[in-house]
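Enquirer: Next comes the sequence, and after it the predicted model I'd like to discuss.
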Amino acid sequence: MTTASPGARFRHAVATQSPLQVVGAVNAYCAMMAEQAGHHAVYLSGGGVANASYGLPDLGMTDLHDVLEDVRRITSASNLPLLVDIDTGFGGAFNIARSVQQMEKAGAAAVHIEDQVQQKRCGHRPNKAIVSQAEMVDRVKACVDARTDDDFVIMARTDALAVEGMESAIERAIACVDTGADMIFPEAMITLEQYKEFVAAVKVPVLANITEFGATPLFSKAELASAGIDLVLYPLSAFRAMNKAALNVYQHLLQDGHQRNVIDTMQTRNELYEFLNYHEYEDKLDALFSTK
Ligand SMILES: C[C@](O)(C(=O)O)[C@H](CC(=O)O)C(=O)O
Ligand SMILES: [Mg+2]
């Protein structure tokens, strides 16, 4: 156990892993599995909150409290530093400041805020629109001013590549760093060369979002390391796999009338209990009621 703040632990993980793999966890139990599997940081995806917790598309329909609820559940269950997707910050400067304060209080280590308009889309979908560079800089300033722990990480995401091109994206990233952004998330890059350009330009850690079925090829950790990337994000990888496995079970139950054909695809009761530390709870319960 350590007394360092979540933000300090996230920075330490970025500094010591090269690059740091940040894995999406759509709920508390997923974060526990990621931690026990040996990961060093977890991610709460905005798309994940919308899709998994609310059955909504990733179109800016969820609010601060929808995301906070999932943050609290995850930070209560796992000690891993948590990077949270706060989309466009959920409003104007005061709302953004409040978002950062609430995330910090809820035990998050880091947030990323993006330069899309509030009626946002998934970063890998067409027809995105972005706010001006000046407005994005204001968003970042609101974040930086609002944090109480200087180690709490403010990551600026730019969606500009698809809208205005590489030059604008880099210019925006530099402006965000000049305003105090600690790390940069260039969204929907297409080549390793583009990552290299960002890394050379911003001089702070750069994150590569390796989300499946999107615009970015599934570059390996080694390839991204060679481009100078410091963080690799897998926002929805486990979620997509869970979804396919669950659908398969639902279909087999209908078709077969039993689960024997899919039992091998399931985590066993013992495995579940191991991750939950169930037996320790049971022992405590037995001790508590031993005199009855
Ligand atoms: C990272 C992201 O913002 C998310 O919400 O997880 C998404 C991921 C995705 O839709 O694959 C994004 O890249 O916009
Ligand atoms: Mg998102």
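Expert: Yep, that arrived. Ligands and ions are numbered 1, 2, ... in the order given.
Enquirer: okay, now the residue lying closest to K203 once chain neighbours are set aside: neighbour count?
Expert: Excluding the flanking residues, the one nearest K203 by CB to CB, 6 or more residues apart in numbering is V177, at 7.1 Å. In this view, the C-beta of every residue, glycine as well, is placed from N, C-alpha and C. By other CB atoms under 10 Å, 18 other residues sit near V177.
Enquirer: Tell me the confidence at V177?
Expert: Looking at V177, its pLDDT reads 98.
Enquirer: tell me which residues in the helix or strand containing it are buried?
Expert: According to DSSP states H and E, V177 maps onto helix 166-178. Using 16 or more other CB atoms under 10 Å as the test for burial, helix 166-178 gives M166, A169, I170, R172, A173, I174, A175, C176, V177.
Enquirer: contacting residues around the third one?
Expert: If I follow you right, that is I170. By CB atoms under 8 Å, 6 or more residues apart in numbering, the contact set of I170 is E197, F198, A201, V202.
Enquirer: My read is that the residue nearest to K203 contacts P205, right?
Expert: No - judged on CB atoms under 8 Å, V177 makes no contact with P205 at a distance of 10.5 Å.
Enquirer: Overlap in contacts, these two.
Expert: I184.
Enquirer: Most neighbours among the contacts of I170, which one?
Expert: Most crowded among the contacts of I170, counting by other CB under 10 Å, is F198 at 26 neighbours.
Enquirer: Would you map the helices across the chain?
Expert: Secondary structure of the chain by DSSP state H: the helices cover 6-16, 28-37, 46-48, 54, 64-77, 93-105, 133-146, 160-164, 166-178, 192-202, 221-226, 237-256, 269-276, 278-288.
Enquirer: In the stretch 101-250 of the chain, where is pLDDT below threshold?
Expert: Counting by pLDDT under 70, the stretch 101-250 of the chain contains no low-confidence residues.
Enquirer: Could you tell me which residues of it lie near ligand 1?
Expert: Residues of the stretch 101-250 of the chain found near ligand 1, taking CB under 6 Å from any ligand atom as the criterion, are C122, G123, H124, N209, T211, G214, P235, L236.
Enquirer: In strands, which of those residues appear?
Expert: By the criterion of DSSP state E, membership of those in strands covers N209.
Enquirer: which one is A160 nearest to, not counting chain neighbours?
Expert: A169 (3.9 Å).
Enquirer: tell me, what residue is most central in this protein?
Expert: Y43 (2.8 Å; CA atoms, centre = their mean).
Enquirer: picking up where we left off before, greatest separation within the residues of the stretch 101-250 of the chain next to ligand 1: which pair is it?
Expert: Greatest spatial distance in these: G123 and L236, 11.9 Å, computed using CB to CB.
Enquirer: Let me see the contact set for whichever residue of the stretch 1-150 of the chain sits closest to ligand 2.
Expert: For the stretch 1-150 of the chain and ligand 2, the shortest gap (CB to the ion) falls at G46, measuring 3.3 Å. By CB under 8 Å, 6+ apart, G46 lies in contact with D58, T62, V67, D85, I86, D87.
Enquirer: Repeat that for D150.
Expert: G7.
Enquirer: Give me the distance between it and ligand 1.
Expert: 26 Å (CB to the nearest ligand atom, to the nearest Å).
Enquirer: Could you do Q267 as well?
Expert: Going from Q267 to ligand 1 by CB to the nearest ligand atom gives 24 Å.
Enquirer: go on, A227?
Expert: Per CB to the nearest ligand atom, A227 is found 18 Å from ligand 1.
Enquirer: Quick check: closest non-adjacent residue to that residue.
Expert: Spatial nearest neighbour of A227, chain neighbours left out: Y195 (4.2 Å); criterion: CB to CB, 6+ apart.
Enquirer: I figured that neighbour hits G228, correct?
Expert: Yes - the criterion here is CB under 8 Å, and Y195 meets it with G228 at 7.2 Å.
Enquirer: Could you tell me which residues touch both of the two?
Expert: By CB under 8 Å, 6+ apart, Y195 and G228 have these common neighbours: V206.
Enquirer: In terms of neighbours, single out the busier of those two.
Expert: Using other CB under 10 Å as the criterion, Y195 and G228 rank with Y195 on top: 23 against 17.
Enquirer: and that one, what does it touch?
Expert: Here Y195 is in contact with P186, M189, V206, A208, L224, A227, G228, I229 (CB under 8 Å, 6+ apart).
Enquirer: Take those residues and keep only those in strands.
Expert: Those of these lying in strands (DSSP E): P186, A208.
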